[in-house]
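In: A structural model of the following input is requested.
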Amino acid sequence: MTISKTTGGTGAVSSAEVSSLIIEPLITEAAFGQVSTYVPVKGSSLRIPKVTDGTNAGWVAEGSEINIDNLAITEVPLVFKKLAAIVPVTAELIADAHTEGGGVLTLVGNSLVRQLANKLDLAAFGNTVAEGPNGIQSITGTIDLGDTALTDADIVVDGIAALKANGNTATHVVVSPALAATAAKTKVSTGSAQQLYGPDASQPVAATIQGLPVVADPAVKADALYVVDASRIVLAVRQEATLTTDASVYFSSDRVAVKANLRVGIGWVDPKAIAVATYDAP
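Out: Coordinates of the predicted model:
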């Protein structure tokens, strides 16, 4: 529904509107959405299969039986956690807002998305979160690349190779904005003005290291550099997310409450799809 004086500002937005106003922008806005694989879920749970051993592929003589080898498969259970936010909107804003482009509901949706994306990134790039998912810092068994002064790209090369050795393919480098700035200022040699790390020529606004897009976010640990395989990191959102409005909550101040409520799960399918280095200033 659209918030207006005629509707009284109370009700629920359709699931299609919730998807376009909240879920889809959230995946785009959150830095974690860039370094993970989004999976929409209709049910109440998600179990991600993981093959740990075994394969039936091999060279076979003509007319011979193909060897049958049982696969060793485990499951990575994904636990959904509630992510919610409320934004109060004044009656005056509702009355004055234009209707083009979705009107006030779009404006409010943008505000909610920013709040939700910030909390999602803080959880995903953090450690453990009370009532929330486990972040990347809590994952055991990741690849330790050691310390780096970022004077060259060797640490990223090592990360790419380490992921490949464990059956994964590096897709992104993840750092804090400060560390991204440090990397961007690094020159190819003393006295040179040429940057060692720079923008991708095909995507002028996107910095890369060894061809991998660099995702910088304040939620990332200040001295950490991650090389990750986004296909082995899952961001799941249950499709029964809601966006509701209620004029009674802030009745005395003549405001309408707009609430977004969704359940999000983060799955770290393979710890060896994450390589981490620690920045040590030269």
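In: all helices for the chain, in order.
Out: With helices called from DSSP state H, the chain shows them at 15-18, 24-29, 31-34, 91-96, 103-124, 154-165, 177-185.
In: highest mean neighbour count out of those?
Out: Comparing the helices of the chain by mean neighbour count (mean count of other Cβ atoms under 10 Å), helix 31-34 ranks first with a mean of 22. The C-beta positions use only the backbone N, C-alpha and C, and glycine is treated the same way.
In: reformat the helices of the chain as a markdown table; add distance to Ile139 and mean pLDDT.
Out: A markdown table is the format used below for the helices of the chain (distance: least, Cβ to Cβ, whole Å; pLDDT from 0 to 100):
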| stretch | distance to Ile139 | mean pLDDT |
| --- | --- | --- |
| helix 15-18 | 31 | 74 |
| helix 24-29 | 21 | 91 |
| helix 31-34 | 14 | 96 |
| helix 91-96 | 43 | 68 |
| helix 103-124 | 11 | 85 |
| helix 154-165 | 14 | 97 |
| helix 177-185 | 20 | 90 |
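In: with distance to Asp223 added, can I get those in a markdown table?
Out: Below are the helices of the chain laid out as a markdown table (distance: least, Cβ to Cβ, whole Å):
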| stretch | distance to Asp223 |
| --- | --- |
| helix 15-18 | 38 |
| helix 24-29 | 25 |
| helix 31-34 | 17 |
| helix 91-96 | 42 |
| helix 103-124 | 17 |
| helix 154-165 | 13 |
| helix 177-185 | 7 |
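In: for the stretch 1-150 of the chain, what are the low-confidence residue spans?
Out: 1-14, 51-56, 70-72, 94-106 (pLDDT under 70).
In: ok, 50 please
Out: 1-10, 98, 101 (pLDDT under 50).
In: now do the strands in it.
Out: Counting by DSSP state E, counting those that start in this stretch, one finds strands in the stretch 1-150 of the chain at the ranges 11-12, 37-41, 46-53, 72-78, 81-90, 143-148.
In: closest one to Ala224 among the ones you listed?
Out: strand 143-148 (10.4 Å; Cβ to Cβ).
In: quick revisit: between the strands of the stretch 1-150 of the chain, which one is closest to Glu24.
Out: strand 37-41 (9.4 Å).
In: buried set for the closest one?
Out: Thr37, Val41 (16 or more other Cβ atoms under 10 Å).
In: tell me which strands and helices it is in contact with?
Out: Helices and strands touching strand 37-41, by 3 or more Cβ pairs under 8 Å, 6 or more residues apart in numbering; DSSP states H and E, are strand 233-238.
In: which strands or helices does the strand it packs on pack on?
Out: Strand 233-238 is packed against helix 24-29, strand 37-41, strand 46-53, strand 255-268, with contacts defined by 3+ Cβ pairs under 8 Å, 6+ apart.
In: if we go to 6 Å?
Out: The contact analysis (3 or more Cβ pairs under 6 Å, 6 or more residues apart in numbering; DSSP states H and E) places strand 233-238 against strand 37-41, strand 255-268.
In: quick one: which of the helices of the chain is nearest Val228?
Out: Closest to Val228 of the helices of the chain is helix 154-165 (Cβ to Cβ; 8.0 Å).
In: how about CSV for the strands of the stretch 1-150 of the chain, with distance to Ala273 added?
Out: What follows is the strands of the stretch 1-150 of the chain, written out as CSV (distance: least, Cβ to Cβ, whole Å):
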stretch, distance to Ala273
strand 11-12, 38
strand 37-41, 11
strand 46-53, 11
strand 72-78, 12
strand 81-90, 22
strand 143-148, 9
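In: tell me which of the ones you listed lies nearest to Ser192.
Out: strand 143-148 (20.0 Å).
In: now stretch 111-124, how far from the centre of its chain.
Out: In terms of Cα atoms, centre = their mean, to the nearest Å, the gap separating the centre of stretch 111-124 from the centre of its chain is 10 Å.
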